[in-house]
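Quick check, what structure comes out for this input:
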Amino acid sequence: MQSYGKDDQIDLKNDGLFKSVVKILNQKFSYVIYQYLRKIFLLENHLINHLDIKIYFRGMQVLFSNQLFFVYLSGAIVLAAIIQYERLQSNAKIHSRLQNLYNISKFGQQKTGVISEIKSRWNNLKPSEKIFGTILVLNSLVFFAWQVPRWQHIMVKYFSTDALANKIPVSSLLFSAFSHSSSVHLAFNMYALFTFCRGVIHPWGKLGPEEFTAFYISSCVVSSLVSIVFRRSMKSPGISLGASGAILSVVGYFALSHPEEKLSVIFLPMIQFDAIYALFGLVTVDSLGILLGWKMFDHAAHLGGTLFGMFWYKYMSKYVWGNRRYVVRNWIALKKLVDVQSRK
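Modelled structure (predicted):
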């Protein structure tokens, strides 16, 4: 995906994944975070030491804050693990406080009417439908924001990425994946997401709602970063936006988890093929698009997203999310510490 010069390095040492990331960031603040995450995930057990890769992105330090990019990737997983723990603990204090706030509100007092009907319908939705509905609403709100002329300068700065800009807001790595250039662009992407997310989230898939959320947010950031690195190296002008990279991450995960599932071309349901062959086709087309310089789509973002979805299925889900108990253990310890301090 990336091009490396003679001074760029890929160093495979037994130091741990996050320590290598810290070397990339090269900041004291990030080193402190690494030490904490090392304890959380217990990297000393060498579960993911074989993934230790050190990569230096030439000229990327001027683009955005390294610390915030690091927080995006690690924070999404940590927060998702904590949220899952709190959801599964019916007697958790945070859940109880939120429930009390809801009960004393005027909406909580209303047992009938529109609000209760919406709440009832929402509770009856499957996890995949709830997640898709949330993403659909967020993408729609961002699309409508693009239609307001006086907001254009804000949207261009924070909800799209320009690889040749002197400074790229780190928030745009995430927010640009919720932006779309047209209603057709939005509709097609949301249809694709709806089609595939049901196959990777419980009960049909392996991902719980929290893991999928962490996966989707991370894929937004990674696909945007790959696009920026490639377009900057090629000095390609223009802005990039859209959820295609993140959605193709979902497609990549789906194809590996359901390799023999039959897929068809939209508007041509008679043409069917296995999901794994569709994955090979996508990787081939996007690779050719990069090599031949096709400009219609952001092939770098697409390929980066697809490969990240495959990487999550093969490694991240098992070695990182599978060790979330260490995050939860530290979260419980932190809650107990806060509770003790509050009683003093």
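
wait, what's in contact with Val247?
Careful, residue 247 is Ile; it's not Val. Shown in contact with Ile247 (Cβ atoms under 8 Å, 6 or more residues apart in numbering): Asn189, Ala192, Leu193, Phe196, Gly305. Backbone N, C-alpha and C define where each C-beta goes, glycine included.

looking at the residues you listed, which has the most residues close by?
Gly305 (31 neighbours; other Cβ atoms under 10 Å).

quick revisit: can you tell me which of the contacts of Ile247 lies closest to Lys130?
Ranked by distance to Lys130 (Cβ to Cβ), these are led by Leu193 at 13.3 Å.

hmm, back to that, now the contacts of Ile247 in TSV, please, with extra columns for pLDDT.
Shown next, in TSV, are these (pLDDT from 0 to 100):
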residue	pLDDT
Asn189	94
Ala192	93
Leu193	94
Phe196	92
Gly305	95
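
Go through those and flag which are in helices.
Asn189, Ala192, Leu193, Phe196, Gly305 (DSSP state H).

Save those residues as CSV, and put in distance to Gly289 too.
What follows is the ones in helices among the contacts of Ile247, written out as CSV (distance: Cβ to Cβ, whole Å):
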residue, distance to Gly289
Asn189, 18
Ala192, 18
Leu193, 21
Phe196, 21
Gly305, 13
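
out of these, who's nearest Thr213?
Leu193 (13.1 Å).

so where's the stretch 201-344 of the chain shaky on pLDDT?
Along the stretch 201-344 of the chain, segments meeting pLDDT under 70 span 344.

picking that back up, closest one to Ile135 out of the contacts of Ile247, please.
Among the contacts of Ile247, and counting by Cβ to Cβ, the member closest to Ile135 is Leu193, at 6.6 Å.

who touches the closest one in this structure?
Phe132, Ile135, Ala243, Ile247, Val250.

Surely Asp274 touches Lys262?
Yes. Using Cβ atoms under 8 Å, Asp274 is in contact with Lys262, at 6.8 Å.

and those two? which has more neighbours close in?
Comparing Asp274 with Lys262 by other Cβ under 10 Å, the one with more neighbours is Asp274, at 15 against 10.

can you tell me the helix or strand for Leu248?
Taking DSSP states H and E as the definition, Leu248 sits inside helix 244-257.

which element follows that helix toward the C-terminus?
Taking DSSP H and E, what comes next after helix 244-257 is strand 262-265.
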